[in-house]
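Participant: One predicted model, sequence on top.
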Amino acid sequence: MFKLTSLNLNGLRSAATKGVADWVAELAPDCICMQEIRVQASDIEGRFEEMAGLKGHFHFAEKKGYAGTAIYTRHAPSAVVVGWGDAEFDAEGRYLELRFDTPRRKLSIISCYFPSGSSGEERQEAKFRFLKGFFPHLTALKKEREFILCGDINIAHKEIDLKNWRGNQKNSGFLPEERAWMTRLLDAGADGAGLVDVYRLLKPDTTGEAYTWWSNRGQAYANNVGWRLDYHLATPALGALARSEQIYKTIKFSDHAPITVDYDFTL
């Protein structure tokens, strides 16, 4: 089995003080994809190159203390791809791809941090630019290789993916345009990308137990007023190998919960 975990950290250094390395050691994943690591190369040296026996790979944002992605892996990749070719968003450290290719297969694990539009119209427009450019990247990649993309997608796809869906239809993360983008991404038809929402493949009907993010305002976490923002998105052949999932709601390194999926393959 291949154990793959995704986690938005809201800062690697902050999570380190809360015991993330010990938790990863106990969990013992094959790979863990991290988003919003908020560090630079100088912060990594001598401290975060490895975690619980896993070797780290990183995509740093140019702006200090902002965004960034990482993958810690038990297996050596055949190649590391930093960024997806969009200058605006590559500068924000939003995409890291590890390739585990052999003569018989092409396979990638991707950690991705989609922009949030919740701070205002300017960032929402940036999010729309990201979605517009990222869709053809994923469709092209799917034609070349199998992959699993783990990440904070910052979109709740359907009404069952957040508690207060009625009151959030005009809010970033649940806008009609964002939801339509997700629908198209998962559409196997001619106009879609044909990817698989792995969690929903395993748990098609869950609501409250599906949430992975809670606002820090009020009693959102205590009352489970949450959103499902963290995903595994896979090509169909890999998605079909998913066997079990777990969302670790009581693990509080950030305002996101880690999500693990076990897949029936090995590297």
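Facilitator: It's in. Remember, it's a predicted structure, so these values are computed and weren't measured experimentally.

Participant: Tell me what the most centrally placed residue in the chain is bridged to.
Facilitator: Centroid-nearest residue in the chain: residue 151, 0.5 Å away (criterion: Cα atoms, centre = their mean). For residue 151, the beta-bridge partners under DSSP bridges are residue 112, residue 231.

Participant: Please, where are all the strands along the stretch 101-250 of the chain?
Facilitator: 107-113, 146-152, 196-197, 213-214, 226-227, 230-234, 242-247 (DSSP state E, counting those that start in this stretch).

Participant: Next, work out how far apart the residue nearest to the centre of the chain and residue 159 are.
Facilitator: As judged by Cβ to Cβ, to the nearest Å, residue 151 and residue 159 stand 22 Å apart. (Glycine included, C-beta is placed from N, CA and C.)

Participant: Also residue 112?
Facilitator: 24 Å.

Participant: buried set for stretch 26-45?
Facilitator: Buried residues in stretch 26-45, counting neighbours by 16 or more other Cβ atoms under 10 Å, are found at 27, 29-40, 43-44.

Participant: my bad, should have said stretch 184-191
Facilitator: Buried positions in stretch 184-191, judged by neighbour count with 16+ other Cβ under 10 Å: 184, 185, 186.

Participant: Kindly reformat those residues as a markdown table containing pLDDT.
Facilitator: A markdown table is the format used below for these (pLDDT from 0 to 100):
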| residue | pLDDT |
| --- | --- |
| 184 | 98 |
| 185 | 98 |
| 186 | 98 |
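
Participant: which among those gets closest to residue 86?
Facilitator: residue 185 (16.9 Å; Cβ to Cβ).

Participant: In strands only, show me the buried residues of stretch 26-45.
Facilitator: 31, 32, 33, 34, 35 (DSSP state E).

Participant: Which of the residues in stretch 211-219 are classified as buried?
Facilitator: Buried residues in stretch 211-219 (16+ other Cβ under 10 Å): 211, 212, 213, 214.

Participant: residues in contact with the spatially closest residue to the second one that is not a sequence neighbour?
Facilitator: By the measure of Cβ to Cβ, 6 or more residues apart in numbering, the closest residue to residue 212 outside its immediate chain neighbours is residue 230, 4.0 Å from it. Neighbour list for residue 230: 6, 7, 8, 150, 151, 152, 153, 212, 213, 256, 257, 259 [criterion: Cβ atoms under 8 Å, 6 or more residues apart in numbering].

Participant: Helices along the protein, start to end?
Facilitator: Assigned by DSSP state H, the chain shows helices spanning 12-17, 20-27, 41-44, 87-90, 121-144, 176-186, 198-202, 236-239.

Participant: can you give me how far the first one is from the chain middle?
Facilitator: In this case it means helix 12-17. 18 Å (Cα atoms, centre = their mean, to the nearest Å).

Participant: can you list contacts of that helix?
Facilitator: Residues outside helix 12-17 that contact it (Cβ under 8 Å, 6+ apart): 9, 20, 34, 37, 38, 39, 43, 47, 48, 70, 253, 254.

Participant: Looking at the residues you listed, which one is closest to residue 218?
Facilitator: For these, the nearest to residue 218 is residue 254 (17.6 Å; Cβ to Cβ).

Participant: So for the closest residue to residue 210 other than its chain neighbours, what's the pLDDT?
Facilitator: In space, and not counting its chain neighbours, residue 210 is closest to residue 228: 4.7 Å by Cβ to Cβ, 6+ apart. As predicted, residue 228 sits at a pLDDT of 98.

Participant: thinking residue 228 is in contact with residue 156, fair?
Facilitator: Yes. Counting by Cβ atoms under 8 Å, residue 228 touches residue 156, with 5.6 Å between them.

Participant: I am finished for the moment; much appreciated.
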